[in-house]
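**Student:** Build me a model from this:
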Amino acid sequence: MKRTIALAAASLFAPAVFVAPAFAGGADISAQADVDAGTTASTSAQKDIASAISALQSSTAASMIRSMSKVSTIHVVSLSKEETATTDIEPVIEQNQDKIQDLRAAIASNQAVMSKLKAKQVEVANVIAARTNADGTLTVYTR
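**Tutor:** The predicted structure follows:
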């Protein structure tokens, strides 16, 4: 009988161990969320920069954009100066200015792409790289 009562009491109070910290007065739960969000954002930014570098070094984006007659979706990835300041992208941008200018000209000559970019309030002068995807989507990297 004592054992049954002890088990019943334990099963009633066990959830309190997990719930109590959330109700603790003055507990700052957001601090942990900020760390996770920052880590996720940092990882995402690093992945975006790596993808932008790969797209910059590719020579196919401009010709692919020139041949696109329909664009299903455009994804815009904005890379800030702060995100790119400590990465390897700056030298790649400097070394590929001719490709960037060719890419911008290709975008400007394609009305389907231009209308999608205008709808997203993206200026061609801010585009530094692009990648066409097999599903008909276009990813544009801006700065």
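
**Student:** Please enumerate the helices of the chain.
**Tutor:** 2-23, 30-57, 61-67, 81-85, 89-95, 97-109, 111-119 (DSSP state H).

**Student:** What is the linear distance spanned by stretch 66-80 between its boundary residues?
**Tutor:** 27 Å (C-alpha to C-alpha, to the nearest Å).

**Student:** no, scratch that, I was asking about stretch 82-95
**Tutor:** 20 Å.

**Student:** List the buried residues in it.
**Tutor:** 83, 84, 87, 89, 92, 93 (16 or more other C-beta atoms under 10 Å). C-beta here means a position set from N, CA and C on the backbone, and glycine is covered the same way.

**Student:** which of those sit farthest apart?
**Tutor:** By the measure C-beta to C-beta, 83 and 92 form the most distant pair in these, at 14.2 Å.

**Student:** related to what we said a few turns ago, now, which of the buried residues of stretch 82-95 sits nearest residue 105?
**Tutor:** Nearest member of the buried residues of stretch 82-95 to residue 105, counting by C-beta to C-beta, is residue 93, at 16.8 Å.

**Student:** ok, now which ones touch the closest one?
**Tutor:** Going by C-beta atoms under 8 Å, 6 or more residues apart in numbering, residue 93 touches 56, 100, 128, 143.

**Student:** Mind picking the one among those residues that's closest to residue 72?
**Tutor:** Using C-beta to C-beta, the contacts of residue 93 come closest to residue 72 at residue 128, 22.4 Å.

**Student:** Nothing else from me, thank you.
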